[in-house]
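J.: Sequence below, structure please.
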Amino acid sequence: MPPVIGQPYVAAFFANPATVPIGEPTALGIAVFNPTRAAVPFTFTAALPPHLKITPLGAPPQNTCGGPVTTTQDGTKVTTWGRVEPMPGGCGVILPVIADQTGTYTAADVTLSDVAGVPTRVTDIRSTCGDQCGALAPILTVTTMLAPQTIAFGPLADATLSTTTVRLTGSASSGLPLKYTSETRPVCTVSEATVTLLTLGTCTITADQPGDATYAAAEPVTASFTVR
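T.: Residues are numbered from 1 along each chain as shown. I've put the predicted structure just below:
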């Protein structure tokens, strides 16, 4: 729902990055914007979308409008009040939230009740800032918890320049293929798992595995050898 021109409105949004694994907290903002010329007092109770709850993990809830923040014991609702000054800018509550189910969550699906001073419906943040929303994300994507993986790579034996090429044999515990990058391109280059030796010196290679829908990204591993 777009805001009514000339009237205060409430917009909800998630913090970027807007993709998190299930069980990892993120931030939900519910802000009041005031395009009028006078400060506006307000109060509301906000109910979160299903499967999304306020969590004790992360930073505690806060109200940047100066009022209190009261959450229900089950973490599904928050009540707050305050006073919002005329735009630019706005103020509101910032809540640490967590999802108990994978999927996508729309911030504008937050519902309001016991409202005073603001509309009873939440505005989609995209209708107020368009492509300029920056760190404000209208949708949160919750993925399955990614499994960890590690890289086994190195040490690398020294090589003679006359060898021309060296074959890399690193591996990831997940079984996913590694990506190799030369950190010393004047000395050596790499294509897939083959290093081409260019001149004498130290050849440094980084092995990386960015992960997939099942595995999280691995910590890169760097190894060096001397080209003689």
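J.: Check which residues of stretch 217-226 are buried.
T.: Within stretch 217-226, the residues scored as buried using 16 or more other C-beta atoms under 10 Å are 218, 221, 225. Placement of C-beta: from N, CA and C, glycine included.
J.: got it, and stretch 106-122?
T.: 107, 108, 110, 112, 117, 118, 119, 122.
J.: now the end-to-end length of it.
T.: Start-to-end span of stretch 106-122 (C-alpha to C-alpha, to the nearest Å) is 11 Å.
J.: now it: mean pLDDT?
T.: The pLDDT scores in stretch 106-122 average 93.
J.: Where does pLDDT dip in the chain?
T.: 1-5, 129-134 (pLDDT under 70).
J.: Turn the buried residues of stretch 106-122 into TSV, including secondary structure and distance to residue 206.
T.: What follows is the buried residues of stretch 106-122, written out as TSV (DSSP: H, G, I helix; E, B strand; the rest coil; distance: C-beta to C-beta, whole Å):
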residue	secondary structure	distance to residue 206
107	helix	38
108	helix	42
110	coil	43
112	strand	50
117	coil	56
118	coil	52
119	coil	53
122	strand	46
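J.: Redo these as CSV? Include distance to residue 28.
T.: What follows is those, written out as CSV (distance: C-beta to C-beta, whole Å):
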residue, distance to residue 28
107, 7
108, 11
110, 8
112, 14
117, 21
118, 17
119, 19
122, 11
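J.: from these, which two are the most distant?
T.: Spatial extent of the buried residues of stretch 106-122 (C-beta to C-beta) is set by the pair 107 and 117 at 20.5 Å.
J.: can you tell me which residues contact residue 222?
T.: Residues in contact with residue 222 (C-beta atoms under 8 Å, 6 or more residues apart in numbering) are 183, 204, 205, 206, 207.
J.: so the fourth one makes contact with residue 183?
T.: Read it as residue 206. Yes - using C-beta atoms under 8 Å, residue 206 is in contact with residue 183, at 5.8 Å.
J.: Which one's more surrounded, those two?
T.: The neighbour comparison of residue 206 against residue 183 (other C-beta atoms under 10 Å) goes to residue 206, with 17 against 14.
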